[in-house]
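*Asks:* I need the structure of the sequence given here:
(one chain, ligands or ions: 1)
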Amino acid sequence: MSGGPAGLEQWLARRYEVDAALLLDSGTSALRLAVESLATATAPAVRVALPAYACYDLATAAAGAGAEVSFYDVDPATLGPDWASLSAALSAGAVAVVLVHQYGIPVDLDRARALCDAHGAAVIEDAAQGAGAWWRHRRLGARGDLGILSFGRGKGMTAGGGGALLATGPRGRDLLDAFRSRVARGGPGIGSWIRLVAQALLSHPMVYGIPAGMPWLGLGETPYHEPWLPRAIDAAEAGVIQSAADLADREADIRRDAAARLGLVLRDHAGVSPVRAPAGDGIRPGWLRYPVLLDAQDRLRIGTAPLGRLGIVAGYPLPLARLPQLRAAGIGDWPGATRLAKELVTLPTHHWVSDRDRAAMGRLLSR
Ligand SMILES: Cc1ncc(COP(=O)(O)O)c(C=O)c1O
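*Replies:* Model (predicted):
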């Protein structure tokens with residue numbers, strides 16, 4: 001084990017094969033600082049392109065950074081960028097693009113990088129949902145100009161809270177040093193311990209129904225949060241990161257196996273279209289959950305309660321581009337994101353889910 005957070009940051013940088021890492025209170029704070037770092041004296045408001053369908057914390061981070069947000073559409077078949085739409089956002093002047101590996105399914109980083117390079121835009125690789133996942137033999141989060149990790153609840157590498165900003169090259173290292181001297185100290189993190197224990201207890205299928213009845217835990221919710229000032233990681237979270245990392249790799253193997261089994265169970269199901277993950281040398285999706293498009297009529301027919309009993313949950317209810325807090329920036333047409341808000345549901349892939357549970361999911365989703 002390394003000593004204090006400085007040693008821990010070096011360990012994290014080695015694990016991700018990047019030059020520097022900065023441990024923060026959350027992935028949201030890491031993303032906010034990543035966007036802020038691209039501001040210049042002549043352009044203090046960074047024009048950043050976000051996916052039109054993604055976790056609402058992206059909006060919090062962009063608002064906290066004082067960025068000008070534009071959106072690119074998301075391809076429902078892959079959950080990656082709609083390439084024509086991303087290209088349009090870059091042509092319209094975005095100087096940075098946030099790429100999100102949704103549910104640990106890697107975005108095609110080769111194609112995204114080529115497109116961003118052609119426009120001189122920075123790549124911020126948001127791997128908050130990408131624990132244990134790889135793109136061409138590198139961990140997700142390691143290939144952007146800046147990378148984002150989250151150690152929050154339900155993220156595959158959970159320390160009860162916390163996040164990290166990763167950077168490569170001398171400029172990235174200097175940047176992180178400057179932030180390190182600027183962010184406020186972290187607290188002891190008692191709340192994180194409570195969340196960590198609660199999550200471990202409540203992740204069992206027998207108690208799936210409970211978290212919805214305990215709103216104070218905030219499990220399974222995706223509300224919009226107002227921005228806050230980034231601070232360093234709490235001590236309790238920092239203390240468990242290395243063990244969480246080992247667990248995350250083992251759990252990711254289990255999730256990949258679960259995803260393959262779900263693929264077989266759902267094969268040939270009319271009205272259910274699994275999201276396609278890229279395949280190739282050194283590409284390993286993390287399958288934090290198993291996303292499928294479920295025909296809106298079928299969703300209505302099944303109802304939410306039976307889905308919930310098997311741990312099947314709906315995706316984000318509104319496209320990010322249609323969040324009321326971002327309305328001014330969200331003008332546009334986002335057919336992919338709009339379809340995802342209506343049709344995306346995700347199935348659990350964690351180690352508690354048995355073949356029997358998967359067979360029950362198959363029966364429930366079949367017409
Ligand atoms: C894609 C993505 N980015 C960033 C975040 C923010 O991470 P955190 O919860 O650690 O603030 C999340 C959280 O759900 C996320 O899903």
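*Asks:* going forward, measure contacts and count neighbours with C-alpha atoms only.
*Replies:* Noted.
*Asks:* Is residue 167 in contact with residue 16, as I believe?
*Replies:* No. Using Cα atoms under 8 Å, residue 167 makes no contact with residue 16, being 10.0 Å away.
*Asks:* Common neighbours of the two, please.
*Replies:* Jointly contacting residue 167 and residue 16 under the rule Cα atoms under 8 Å, 6 or more residues apart in numbering are residue 142.
*Asks:* out of the two, which sits in the more crowded spot?
*Replies:* Legend: neighbour count by other Cα atoms under 10 Å for residue 167 and residue 16, higher for residue 167 (30 against 20).
*Asks:* list the contacts for that one?
*Replies:* 18, 19, 20, 21, 142, 144, 145, 146, 147, 173, 176.
*Asks:* Equivalent analysis for residue 343, please.
*Replies:* 293, 294, 295, 296, 299.
*Asks:* Quick check: next helix or strand after the helix-or-strand element of the chain with minimal mean pLDDT?
*Replies:* Lowest on mean pLDDT, DSSP states H and E among the helices and strands of the chain sits helix 209-212, with a mean of 42. Note on helix 209-212: by DSSP states H and E, the next helix or strand toward the C-terminus is helix 235-266.
*Asks:* rewinding a little: okay, and which of the contacts of residue 167 map to helices?
*Replies:* 173, 176 (DSSP state H).
*Asks:* export the contacts of residue 167 to TSV and tack on distance to residue 244, pLDDT and neighbour count?
*Replies:* Below are those laid out as TSV (distance: Cα to Cα, whole Å; pLDDT from 0 to 100; neighbours: other Cα atoms under 10 Å):
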residue	distance to residue 244	pLDDT	neighbour count
18	19	97	22
19	21	96	18
20	20	96	25
21	17	97	29
142	18	97	25
144	23	96	23
145	25	95	19
146	22	97	27
147	19	98	29
173	25	88	17
176	23	92	21
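*Asks:* of the contacts of residue 167, closest to residue 226?
*Replies:* Proximity of the contacts of residue 167 to residue 226, judged by Cα to Cα, is greatest for residue 147, which lies at 22.3 Å.
*Asks:* give me the low-pLDDT residue ranges for the stretch 1-150 of the chain?
*Replies:* For the stretch 1-150 of the chain, the stretches flagged by pLDDT under 70 are 1-4.
*Asks:* First-to-last residue distance for stretch 44-54?
*Replies:* Using Cα to Cα, to the nearest Å, the span of stretch 44-54 from its first residue to its last is 25 Å.
*Asks:* What residues sit buried inside that stretch?
*Replies:* Residues of stretch 44-54 classed as buried by neighbour count (16 or more other Cα atoms under 10 Å): 45, 46, 47, 48, 49, 50, 51, 52, 53, 54.
*Asks:* Looking at those, which is nearest the ligand?
*Replies:* The shortest approach to the ligand among the buried residues of stretch 44-54 belongs to residue 54, at 6.4 Å (Cα to the nearest ligand atom).
*Asks:* I'd guessed the closest one sits against residue 318; true?
*Replies:* No. Using Cα under 8 Å as the test, residue 54 is too far from residue 318 to be in contact (9.2 Å).
*Asks:* got the contacts of residue 167 as JSON lines, with distance to residue 326 columns?
*Replies:* Shown next, in JSON lines, are the contacts of residue 167 (distance: Cα to Cα, whole Å):
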{"residue": "18", "distance to residue 326": "33"}
{"residue": "19", "distance to residue 326": "34"}
{"residue": "20", "distance to residue 326": "32"}
{"residue": "21", "distance to residue 326": "30"}
{"residue": "142", "distance to residue 326": "29"}
{"residue": "144", "distance to residue 326": "25"}
{"residue": "145", "distance to residue 326": "26"}
{"residue": "146", "distance to residue 326": "24"}
{"residue": "147", "distance to residue 326": "24"}
{"residue": "173", "distance to residue 326": "32"}
{"residue": "176", "distance to residue 326": "28"}
